[in-house]
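Engineer: build me a model:
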Amino acid sequence: MTLKELLFADLVRQFAVGGQPDRKPGMWSLLLKSFSPRFMPVVVFRLSHWCYQHGLSPLAKLFSLFNFVFFGLEIAVRCDIGPGLYFPHTQGTVIGAHTIGANATIYHNVTFGAREIDLVFTDASRPVVGSNVIVGAGAKVLGGVMLGDGARVGANAVVLQDVPAGATVVGIPAQVVQPHGGL
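Structural biologist: Next comes the predicted model:
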């Protein structure tokens, strides 16, 4: 997808989550949603990732730093994230995943990353997150694990093993409490 298509999909998701999926937004509403603290970090990440993909690493790092300073959100510029990304809150979130699918919802204080120090960002040591995944506040997803499509991670869970598609996990370490279909 192009940068424009990704941003449009992200904006559409902002309206869908806000309870207005069928209503065509007016210009004022569109402008307000575009500058919300839920959407601007997504825009800044998309710009950062686009710069990274086009060999503009210093500019990509600058956008990434902007996200960190203003929104408390640290996302690896090389992380590939599908359309429809939604952050209800961003503070304290660290995303060092390999990939994240479409329509991910990631709450505050979530960490996706390696289990050990990985300064070179080895893809095999980073989580892979499917589409339509919801990760609750304070959850940690560590190592080369896979969160299947439609998985749900409860607040403060520590995920160290793969989570099947549609399953809900909670606890430390995270255990499946709802096999398929979520809550």
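
Engineer: pop out the phi and psi values for residue 123.
Structural biologist: Dihedral pair for residue 123: phi -60, psi -40, per degrees, to the nearest 10.

Engineer: so who does the closest residue to it other than its chain neighbours touch?
Structural biologist: Nearest non-adjacent residue to residue 123, counting by CB to CB, 6 or more residues apart in numbering: residue 98, 4.8 Å away. For the C-beta atoms, the positions are set from N, CA and C on the backbone; glycine is no exception. Applying CB atoms under 8 Å, 6 or more residues apart in numbering, we find residue 98 in contact with 79-80, 123, 126-128, 144.

Engineer: biggest separation within those, which pair?
Structural biologist: 80 and 144 (15.5 Å; CB to CB).

Engineer: which regions of this protein sit below the pLDDT cut-off?
Structural biologist: 18-34, 180-183 (pLDDT under 70).

Engineer: coming back round to it: closest to residue 35 out of the contacts of residue 98?
Structural biologist: With CB to CB as the yardstick, the closest approach to residue 35 among those comes from residue 79, at 23.6 Å.

Engineer: residues in contact with that closest one?
Structural biologist: When contacts are taken as CB under 8 Å, 6+ apart, residue 79 is in contact with 49, 95-100.

Engineer: filter those down to the buried ones.
Structural biologist: 49, 95-98, 100 (16 or more other CB atoms under 10 Å).

Engineer: mind listing which of the contacts of residue 79 are in helices?
Structural biologist: residue 49 (DSSP state H).

Engineer: my guess is residue 3 contacts residue 50, does it?
Structural biologist: Yes - assessed by CB atoms under 8 Å, residue 3 is found in contact with residue 50 at 4.9 Å.

Engineer: am I right that residue 61 is in a helix?
Structural biologist: Yes - counting by DSSP: H, G, I helix; E, B strand; the rest coil, residue 61 is found in a helix.

Engineer: spatially nearest residue to it (excluding sequence neighbours)?
Structural biologist: Residue 61 sits nearest to residue 77 (CB to CB, 6+ apart), 6.7 Å away.
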